[in-house]
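Asker: A predicted structure for the sequence below; I have some questions about it.
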Amino acid sequence: MSFSAKIKEELSKINIFGKIDVVKAELYGYLMTVDQSGKKIAFLTENEYNINRLNKLLKKLEINYKIKMKGKSYKIEFSKSSFSLDEIDPIENEDTMKAFVRGAFLGSGWVTEPDTRYHLEIRIKEEKRKGQVNRSYK
């Protein structure tokens, strides 16, 4: 098991399900890492802890979803119209900020083994809007 997978396993055990604003902020973090341009949102992972975590978040928010398994990969899919991110403020307080970063890391993050050098990376999907110029930042 990779170092990142161990961290994701540990993070997936954090119980935040009593606070709906924290659950929403964590889901928001996950959603920042996937393509949201279609009518459905699909999240793919090989990490069982990760898919179970997302499953619990969606259940808590009463969002209908489907889980499919193909080989070692899990896919969770749900309708974009079944929820709204408009009322979510991930920087409302310390708990929601932590939840947002946790969700983003669980969604697409990785971290190197601390024996060498620390390096954390989280990939965020950029939403492209009509007429938007594609820019590369360095």
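Answerer: Sure thing, it's come through.
Asker: ok, now which ones touch I91?
Answerer: M97, F100 (Cβ atoms under 8 Å, 6 or more residues apart in numbering). The C-beta positions use only the backbone N, C-alpha and C, and glycine is treated the same way.
Asker: Is it in a helix, a strand, or coil?
Answerer: Under the three-state scheme (DSSP: H, G, I helix; E, B strand; the rest coil), I91 adopts coil.
Asker: didn't Y30 look like it was pressed against K56?
Answerer: No - between Y30 and K56 there is no contact under Cβ atoms under 8 Å: 11.6 Å.
Asker: intersection of neighbour lists for these two?
Answerer: With Cβ under 8 Å, 6+ apart, Y30 and K56 have no common neighbours.
Asker: So if I had to pick from the two, which one is more boxed in?
Answerer: Y30 (24 against 16; other Cβ atoms under 10 Å).
Asker: any idea which helix or strand comes after the helix or strand containing that one?
Answerer: If you go by DSSP states H and E, Y30 is part of helix 20-31. Remark: after helix 20-31, the chain's next helix or strand is strand 40-45, criterion DSSP H and E.
Asker: If I take that following strand and helix 20-31, what angle do their directions form?
Answerer: 80 degrees (axes from the mean of the first three to the mean of the last three Cα atoms, to 10 degrees).
Asker: Just the mean pLDDT for strand 40-45, thanks.
Answerer: Regarding strand 40-45, the rounded mean pLDDT is 89.
Asker: OK, contacts around the residue nearest the centre of the chain?
Answerer: Taking Cα atoms, centre = their mean, the centroid of the chain lies closest to Y30, which sits 1.5 Å from it. Y30 sits next to F43, L54, L57, G103, A104, L106, G107 when contact means Cβ under 8 Å, 6+ apart.
Asker: please redo it, this time with the cut-off set to 6 Å
Answerer: Contacts for Y30 were tallied using Cβ atoms under 6 Å, 6 or more residues apart in numbering; they are G103, G107.
Asker: and it, what pLDDT?
Answerer: In this model, Y30 is scored at 90, pLDDT.
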